[in-house]
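Q: just need the structure, nothing else, for what follows:
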Amino acid sequence: MAFAGTDPGMIKTILTDVNTKPDSDSMHPGFREALDAVWQQVETAIARRTPGPLYVTGHSLGAALAVLAAFRLQPKEATEVSAVYTYGLPRVGGQAFVGQYEPILGDKTFRLINGDDPVPSVPPTEILGFRHVGRSLSCPHAGTFNPISKPASALDNEPNFAKVEQEFAAHTLGELLRGRWQPPAQPGLLGWLYGLLPGGLADHMQARYLRALGTPVGLTNPLI
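A: Got it, this is the predicted structure:
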């Protein structure tokens with residue numbers, strides 16, 4: 001089961017991302033409301049699926065929805081979640097949510113972080129109390145995920161926003177001095193425009209994650 005990420009052309013998904021005041025269950029209310037909006041479709045898909053392992057995945061906003069969907073599905077014996085794979089996952093809840101999620105799905109949840117992607121560093125822990133779930137696995141800016149690397153063995157709350165921005169500035173300066181810029185974030189005009197995004201957001205784009213995973217990005221599909 002795969003959830004799509006934030007669509008820059010859809011104001012509704014952007015507003016979902018910025019609605020960050022924690023709710024009474026220590027969850028991100030915008031993400032929770034977004035999942036509520038598609039939950040009937042999720043239940044229908046689950047009911048019609050072929051029996052077997054269930055893997056839940058998503059990128060960006062979709063990664064947040066994947067985590068919340070897996071948590072909501074898990075109590076149902078017939079829909080045990082085998083694993084959750086996230087890409088550019090923001091924090092989705094506070095300590096109370098983490099305390100409920102981790103014993104059930106913490107060891108089955110893997111959050112991949114590409115280079116200078118700042119989205120996994122928000123919402124902030126210090127101000128709003130949000131924390132990560134699952135086991136992190138990172139790759140360097142302009143690098144790839146090492147196929148023999150293993151995720152962190154325990155829960156952590158990285159990355160830190162200030163550190164991510166400092167590393168982005170250092171990488172940008174280094175590329176400028178060497179005259180070696182990163183390729184567009186994705187094919188087509190949008191790829192070049194995404195490369196102008198501030199604070200390393202180009203590393204958050206789906207195509208950058210695909211490259212980091214060693215998956216070729218087809219030039220014939222400008223919307224990848």
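Q: look up how far residue 212 lies from residue 81.
A: Using C-beta to C-beta, to the nearest Å, we find residue 81 at a distance of 25 Å from residue 212. (C-beta placed from N, C-alpha, C; glycine too.)
Q: no wait, residue 204
A: For residue 204 relative to residue 212 (C-beta to C-beta), the value is 11 Å.
Q: now list whatever residues contact both of these two.
A: By the contact definition C-beta atoms under 8 Å, 6 or more residues apart in numbering, residue 204 and residue 212 are jointly contacted by residue 114.
Q: quick one: which of the two has more around it?
A: residue 204 (26 against 23; other C-beta atoms under 10 Å).
Q: list the contacts of the more buried one.
A: Residue 204 makes contact with 60, 88, 114, 117-119, according to C-beta under 8 Å, 6+ apart.
Q: now do the helices in the chain.
A: For the chain, the helices defined by DSSP state H occupy 11-18, 29-48, 61-73, 95-105, 125-128, 161-178, 189-194, 206-212.
Q: can I get those helices in TSV including mean pLDDT?
A: Formatted as TSV, the helices of the chain follow (pLDDT from 0 to 100):
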stretch	mean pLDDT
helix 11-18	48
helix 29-48	92
helix 61-73	95
helix 95-105	95
helix 125-128	88
helix 161-178	83
helix 189-194	65
helix 206-212	88
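Q: closest to residue 143 out of the ones you listed?
A: helix 206-212 (6.9 Å; C-beta to C-beta).
Q: show me what the closest one is packed up against.
A: The contact analysis (3 or more C-beta pairs under 8 Å, 6 or more residues apart in numbering; DSSP states H and E) places helix 206-212 against strand 109-114.
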